[in-house]
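K.L.:
coords below, sequence missing:
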């Protein structure tokens, strides 16, 4: 029996399989490549693309012809009030007591901290919002409340809060109060520092 026809059939089947696998690989690559623009389009359509908005706003500052934030609702203004409470011996205050922003507009406010004790202290801030329904619409992109901080005796620091108010904020909300409570914590950095200073036996 001649084995050549079977060999040709096998080679032909292998070539067809390689061709199919190549097509599948190309389609997978194309789908992966298309995911990024699809994701952006879906997020912008649903109004949840906050991080992309902040990148466009900050990258366009001071440069004419660059993209601007088209999600800003210029027909509305929201007054954002800033409150600071300290649980412990701190001087803790915002640089300004209130600002007015449009929903969708990127805003930055600085807070100042000073350790008035004669010892190193670690602390962290916890935010709260009023009215309550504003909580889900107040998007912080950068905030000192994300971390705990260690301040030396008499040390003063300034940290920012960068935020965007979602344009989907209910129309009847015209004022939001952002309140922070700054309190002393055990301090991971402080504990590591004290362990490093302990005498070794």
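P.N.:
Received it, and whenever you're ready, just let me know what you need. These figures come from a predicted structure and were not determined experimentally.

K.L.:
is it true that residue 122 touches residue 148?
P.N.:
Yes: using Cβ atoms under 8 Å, residue 122 makes contact with residue 148 at a distance of 5.7 Å. Where C-beta positions appear, they are placed from N, C-alpha and C, glycine not excepted.

K.L.:
What's the local residue count around the residue nearest to residue 180 when sequence neighbours are not counted?
P.N.:
Closest residue to residue 180 apart from its sequence neighbours, by Cβ to Cβ, 6 or more residues apart in numbering: residue 125 at 4.5 Å. When counting by other Cβ atoms under 10 Å, one arrives at 24 neighbours for residue 125.

K.L.:
before we move on, which element is residue 125 in?
P.N.:
Assigned by DSSP states H and E, residue 125 belongs to strand 121-130.

K.L.:
Which residues in that strand does the neighbour count mark as buried?
P.N.:
Counting neighbours by 16 or more other Cβ atoms under 10 Å, one finds that the buried residues in strand 121-130 are 121-125.

K.L.:
And those, which is closest to residue 86?
P.N.:
Residue 86 lies nearest to residue 123 out of those, by Cβ to Cβ, at 8.6 Å.

K.L.:
which one is the closest one nearest to, not counting chain neighbours?
P.N.:
residue 184 (5.2 Å).

K.L.:
Enumerate every residue touching that neighbour.
P.N.:
87-88, 121-123 (Cβ atoms under 8 Å, 6 or more residues apart in numbering).

K.L.:
strands paired with the strand holding residue 125, and their directions?
P.N.:
Here strand 121-130 is paired, per DSSP bridges, with strand 148-151 (antiparallel), strand 175-185 (antiparallel).

K.L.:
Mind listing what's buried along stretch 139-155?
P.N.:
So stretch 139-155, judged by 16+ other Cβ under 10 Å, has buried residues 139, 141, 143-145, 148-151.

K.L.:
And that stretch, end to end?
P.N.:
29 Å (Cα to Cα, to the nearest Å).

K.L.:
and what of stretch 145-154?
P.N.:
21 Å.

K.L.:
which one of the buried residues of stretch 139-155 is nearest residue 22?
P.N.:
Distances from residue 22 to the buried residues of stretch 139-155, taken by Cβ to Cβ, are shortest for residue 141, at 43.4 Å.
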